[in-house]
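**Student:** the following comprises the amino acid sequence and a computationally predicted model.
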Amino acid sequence: MNRHLGFVLVLAAACVVGILLSFTRLASTIDNAAYDWMFNLHLPAYPAARSALLTIDEASLTATGGRQHLRKTLAGALEHVAAAKPSAVAIDLILAEPSEGDEALRAAFARAPNLVLGADIPQHGGWEWPIFRAQARAVGHVHADPDPVSRHLPLMKAQAGDRLWAMCLEAYRLTAQASILETPTDLEVGAMLIPARPETARAMRIRYRPPGAIQRLSLREVTEDPSRAALFAGKAVFVGFTAQSEVKDRLMTPMEVMMPGVEIHAHAFETLAAGDFLTDAPAWTGVFACIILAALAGLIFWRMPGWIAYVAGGVLLLLAHSLPHLLFRQSIVFPTFAPLLVAWLSVVGAAAYQYFGTRLQLVRTEQERSRYQQAIHFVTHEMRTPLTAIQGSSELMSRYNLNPDKQKQMAQMINAESKRLARMITTFLNLERLGDGSLDLKQEPFSVAQALEACVDRARLVAERKQMTIDVIQADDAALNGDRELMEYAIYNLLTNAVKYSPAETVVTVKSERRGNQLRLSVADQGMGMEPQEVKHIFDKFYRTKRAEAAGIEGTGIGLSIVLEIIRHHGGQIEVSSKPGLGSCFTLVLPALS
Ligand code: ADP
């Protein structure tokens, strides 16, 4: 497979895996854990609290003499609270049934400024309305997020055809003396824009304050010492149970403390009042970040060399890790899991791909080098034969007084052997020059039949030593345009290979046929053949099959690489079919002259 394509596929896979896994429960658990961690790490500078709590704790319940006397005691305490002039009073109690002390409570409610009462959704559905609705400026829902950890608050709740705003939002709206306007992305209360989308029931992330940041007094404390109610002056007072026995909605918060519902509403009120909202980044930005991270990892390991790439990869990972933090500091909640997973997968994937790719390349180069060395060995060995003959003959000629016939014979031998040497050197030089494209090829028309005949005649001399025959089936004579000498070299090479890699007494069949404007010239043998994966490499310089080496047949592994170069220079290609033990067929496909 193409290396570039493989590299891109690795990165694309990292991206897809990261994005797909981001829809799993594991991903949301990790995102939430990261959110809680960052929440505590990047606490903002909180403005002074604008709310306070009036809590009904165990001690208050005991002091009032039980739940049945609660409304009367509460009424008394609320009179003190009202005297302190709070900005609003929000009652997080379910007051759906009449009970003892209702008259006193009704009177106290009537005097409480900006009174917000709570409505609950009971098991059977619908709303459980408070019986004191007439005294209230607003009724708000007192539900929290259904998650085990309360991070959001749904600012709106719809039930049985009625939509209620959250109690804290109603309290805020009343203190701000504004109304609530809905837009497709936000809620507008006066000049305040609250990011809360309708598809999430207008959920808002609560900016919890540290425990104790919102001041509180218990019902008992106010009843026993009414002067302490001065604490509530100018604040929104949230009234509700904190007694263990009464609180059913005590929830965990990102601050890792449990809070009763009334306190959660007070913190949500503070979030609204401070106007410092945490907004979730749109989903597409997470996907976009994944793609960018994978692309950057790709660029780094594609373009940068060695250790610089590893350092840059490390920096990219650092960036991916700090991205959610940087955005959190800008009050943007960004997913952690998917971008981090994609960053790690793509950095590790790209690094591993490049590392193993480079190693493979190294192994190949190493193999090529050793083959080259072998070839040089072989060539020098081959050169020694003509050199020895030349040396020997010249020595004989200079030392002894030879008769003219003998002298002539020696001179002819020297001439023939030096020509052979020159041919060997030329072949090697041609190979190099063919490789870098600096060899000038002749461009002349020539007859294939004639070129073929010349090659077959020479090859037959070699074949005869193995009692082999070469059959020629010439269907058509065609003309080719190019360099006849080089073409003969190529054909002769295929023929000698066919003879060299075949057992004795077998047949080599040469066929030339014309199909349209193509000439197909094939050389088929009944020799040792090759495995398909060996065939892929036979045109590499210095490659030799194991089979050929095991059989002890000498060769350089260069011949076919020259043949391929020659055929390519003639605008053709080579097809090879081969079966181990059965034989091979090399077909040259060349553009014929019309
Ligand atoms: P050489 O024959 O000098 O080794 P080549 O480049 O001509 O180099 O061939 C490369 C390799 O391809 C050979 O070493 C041999 O293993 C294999 N090969 C070539 N031709 C044949 C053939 N006709 N039958 C089987 N194997 C062949």
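**Tutor:** Yes, it's here.

**Student:** helices along the stretch 251-400 of the chain, start to end?
**Tutor:** 261-274, 283-303, 306-329, 337-399 (DSSP state H, counting those that start in this stretch).

**Student:** to clarify, my last question referred to the stretch 451-594 of the chain.
**Tutor:** 484-500, 532-535, 546-550, 559-569.

**Student:** tell me the mean pLDDT for the second one?
**Tutor:** Within the predicted structure, the mean pLDDT of helix 532-535 is 94.

**Student:** returning to what we had before: hey, which of the helices of the stretch 251-400 of the chain is tucked in deepest?
**Tutor:** helix 261-274 (a mean of 26; mean count of other C-beta atoms under 10 Å). Backbone N, C-alpha and C define where each C-beta goes, glycine included.

**Student:** run the chain-centre distance for it.
**Tutor:** 41 Å (C-alpha atoms, centre = their mean, to the nearest Å).

**Student:** mean confidence score for it?
**Tutor:** 94.

**Student:** what's the burial count for residue 181?
**Tutor:** 11 (other C-beta atoms under 10 Å).

**Student:** before we move on, the earlier item: and the helices of the stretch 451-594 of the chain as JSON lines, adding distance to the ligand?
**Tutor:** Putting the helices of the stretch 451-594 of the chain into JSON lines (distance: least, C-beta to the nearest ligand atom, whole Å) gives the following:
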{"stretch": "helix 484-500", "distance to the ligand": "4"}
{"stretch": "helix 532-535", "distance to the ligand": "7"}
{"stretch": "helix 546-550", "distance to the ligand": "3"}
{"stretch": "helix 559-569", "distance to the ligand": "3"}
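
**Student:** now distance to residue 526 and mean neighbour count too, for these, in TSV please.
**Tutor:** Below are the helices of the stretch 451-594 of the chain laid out as TSV (distance: least, C-beta to C-beta, whole Å; neighbours: other C-beta atoms under 10 Å):
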stretch	distance to residue 526	mean neighbour count
helix 484-500	9	22
helix 532-535	17	13
helix 546-550	15	14
helix 559-569	19	20
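
**Student:** go through these and name the closest to residue 44.
**Tutor:** With C-beta to C-beta as the criterion, residue 44 lies closest to helix 532-535 of the helices of the stretch 451-594 of the chain, at 64.7 Å.

**Student:** next, count neighbours for the closest residue to residue 102 other than its chain neighbours.
**Tutor:** Leaving aside its chain neighbours, residue 102 sits nearest to residue 71 (6.1 Å; criterion: C-beta to C-beta, 6 or more residues apart in numbering). When neighbours are defined as other C-beta under 10 Å, residue 71 has 22 of them.

**Student:** what's the distance between residue 71 and residue 239?
**Tutor:** Going from residue 71 to residue 239 by C-beta to C-beta, to the nearest Å gives 12 Å.

**Student:** what are the phi and psi angles of the closest residue to the ligand within the chain?
**Tutor:** Of all residues in the chain, the one sitting closest to the ligand is residue 555 (2.5 Å; C-beta to the nearest ligand atom). Note on residue 555: its backbone torsions stand at phi -170, psi 170 [degrees, to the nearest 10].

**Student:** what of residue 255?
**Tutor:** The phi/psi pair for residue 255 (degrees, to the nearest 10) is phi -80, psi 0.

**Student:** just give me the neighbour total for the residue nearest to it when sequence neighbours are not counted.
**Tutor:** Leaving aside its sequence neighbours, residue 255 sits nearest to residue 208 (C-beta to C-beta, 6+ apart; 5.0 Å). Other residues near residue 208 number 25, with proximity taken as other C-beta under 10 Å.

**Student:** contacts only, for residue 208.
**Tutor:** Residues counted as contacts of residue 208 (C-beta atoms under 8 Å, 6 or more residues apart in numbering) are 39, 253-255, 267.

**Student:** make JSON lines out of the residues you listed and add distance to the ligand.
**Tutor:** Formatted as JSON lines, these follow (distance: C-beta to the nearest ligand atom, whole Å):
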{"residue": "39", "distance to the ligand": "68"}
{"residue": "253", "distance to the ligand": "75"}
{"residue": "254", "distance to the ligand": "70"}
{"residue": "255", "distance to the ligand": "74"}
{"residue": "267", "distance to the ligand": "80"}
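
**Student:** quick check, distance from the host helix or strand of residue 416 to the centre of its chain.
**Tutor:** Using DSSP states H and E, residue 416 sits in helix 404-435. Its chain's C-alpha centre and that of helix 404-435 lie 61 Å apart, by C-alpha atoms, centre = their mean.

**Student:** show me what that helix is packed against.
**Tutor:** Using 3 or more C-beta pairs under 8 Å, 6 or more residues apart in numbering; DSSP states H and E, the elements in contact with helix 404-435 are helix 337-399, helix 559-569.
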